[in-house]
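A.B. asks: Let me see the structure of the following:
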Amino acid sequence: MTGLPGSTNLAPAIEARDLTRRFGDFTAVDSISFSVAAGEVFGFLGANGAGKTTAIRMLIGLLSPSSGSARVAGHDVATEAAEIRRRIGYMSQRFSLYEDLTVRENIQLFGGIYGLSGAQIRDRAQALLLRLGLEHAHKKLVGALPLGWKQKLALSVALLHEPRVILLDEPTGGVDPITRRQFWQMIYDAAAEGTTVLVTTHYMDEAEYCDRISIMVDGSIAAMGAPSELKREFGVQSVDDLFVRLARPALASAQAGAGA
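C.D. replies: Predicted structure coming up:
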């Protein structure tokens with residue numbers, strides 16, 4: 001587990017209480033409640049349309065809740081959205097850097113957006129390039145980098161201002177298994193330094209890497225807990241089996257019938 005020792009005694013880094021979002025008569029997020037501790041890696045799972053992206057947009061202050069409440073990095077999502085955005089990192093499922101800028105130019109741009117001083121940008125850029133092994137490619141256009149390097153660079157840039165919380169929306173889509181493992185080591189390193197990580201993924205083997213996971217179904221949280229605990233509770237061999245049972249019950253029934 002990556003959660004920091006004693007982190008349960010601290011205020012949650014993320015806390016949602018009956019968080020709800022409606023669009024007309026449609027309820028996209030239906031009264032969800034959960035909390036994430038400092039330094040914890042929390043997997044936020046759900047099929048397409050389950051409501052997880054809408055929930056994340058509320059947590060980062062891009063969408064107002066219809067009802068309920070949430071606090072991220074100590075600030076209220078409804079009234080302190082600007083403060084939240086200054087204290088978090090975010091990496092979207094679509095590549096989030098500028099491909100027509102060089103590696104160093106992207107680092108400098110986002111360092112400025114995050115409010116870092118020139119000296120901080122210079123020092124952290126150098127450390128970032130050394131850590132990723134990209135010092136030889138700092139003048140290269142980001143669009144020319146392999147996908148795996150782009151994703152690792154995007155994560156590093158999202159952590160450049162040392163945020164309390166980082167939200168990663170399907171960050172490893174399309175990358176090879178070795179790069180995925182390297183990416184997850186970067187996530188563990190960030191968590192070990194105290195950064196709280198909320199990550200969505202469609203790779204159920206990655207869900208096993210999380211301290212805890214939640215699974216959203218039709219706007220609600222259908223299950224939440226440590227992967228090992230949930231597998232025991234539901235009597236399944238893997239998180240993938242659990243996900244199919246909760247999110248695709250018809251498919252789970254058909255598979256059970258075929259195995260009978």
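
A.B. asks: switch to C-alpha atoms for all contacts and neighbour counts from now on
C.D. replies: OK.

A.B. asks: Give me the phi and psi for P12.
C.D. replies: The phi/psi pair for P12 (degrees, to the nearest 10) reads phi -60, psi 140.

A.B. asks: Please look at it and E40 and confirm they touch.
C.D. replies: No - the criterion here is CA atoms under 8 Å, and P12 misses it with E40 at 9.8 Å.

A.B. asks: For the residue lying closest to T102 once chain neighbours are set aside, give its distance to L134.
C.D. replies: Distances taken as CA to CA, 6 or more residues apart in numbering place L141 nearest to T102, at 4.0 Å, with adjacent residues excluded. L141 is 12 Å from L134, where distance means CA to CA, to the nearest Å.

A.B. asks: Break down the protein into its strands, ranges please.
C.D. replies: Remark: strands assigned in the chain by DSSP state E are 14-23, 26-36, 41-46, 67-72, 75-76, 88-91, 165-169, 196-200, 212-217, 220-225.

A.B. asks: what is V36 paired to in the beta sheet?
C.D. replies: For V36, the beta-bridge partners are I14 (DSSP bridges).

A.B. asks: no no, S67
C.D. replies: T20.

A.B. asks: That one: neighbour count?
C.D. replies: By the criterion of other CA atoms under 10 Å, S67 has 15 neighbours.

A.B. asks: CSV please, covering the strands of the chain and showing mean pLDDT.
C.D. replies: Shown next, in CSV, are the strands of the chain (pLDDT from 0 to 100):
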stretch, mean pLDDT
strand 14-23, 97
strand 26-36, 97
strand 41-46, 95
strand 67-72, 97
strand 75-76, 96
strand 88-91, 92
strand 165-169, 93
strand 196-200, 95
strand 212-217, 96
strand 220-225, 96
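
A.B. asks: can you give me the helices for this protein?
C.D. replies: 52-59, 81-87, 103-113, 118-132, 147-158, 177-192, 204-207, 227-234, 239-247, 249-259 (DSSP state H).

A.B. asks: Relative to H75, which of the ones you listed is closest?
C.D. replies: Of all these, it is helix 81-87 that lies closest to H75, at 6.1 Å by CA to CA.

A.B. asks: what stretches of this structure score poorly on pLDDT?
C.D. replies: Scanning the chain for pLDDT under 70 picks out 1-9, 93, 95, 249-260.

A.B. asks: hmm, back to that, more crowded one of P12 and E40?
C.D. replies: Neighbours were counted for P12 and for E40 using other CA under 10 Å; E40 has more, 28 against 21.

A.B. asks: quick one: that one from A226, how far?
C.D. replies: Per CA to CA, E40 is found 11 Å from A226.

A.B. asks: What of V41?
C.D. replies: Here the distance between V41 and A226 works out to 11 Å (CA to CA).

A.B. asks: Identify the contacts common to those two.
C.D. replies: Between them, V41 and A226 share these contacting residues under CA atoms under 8 Å, 6 or more residues apart in numbering: 210-212.
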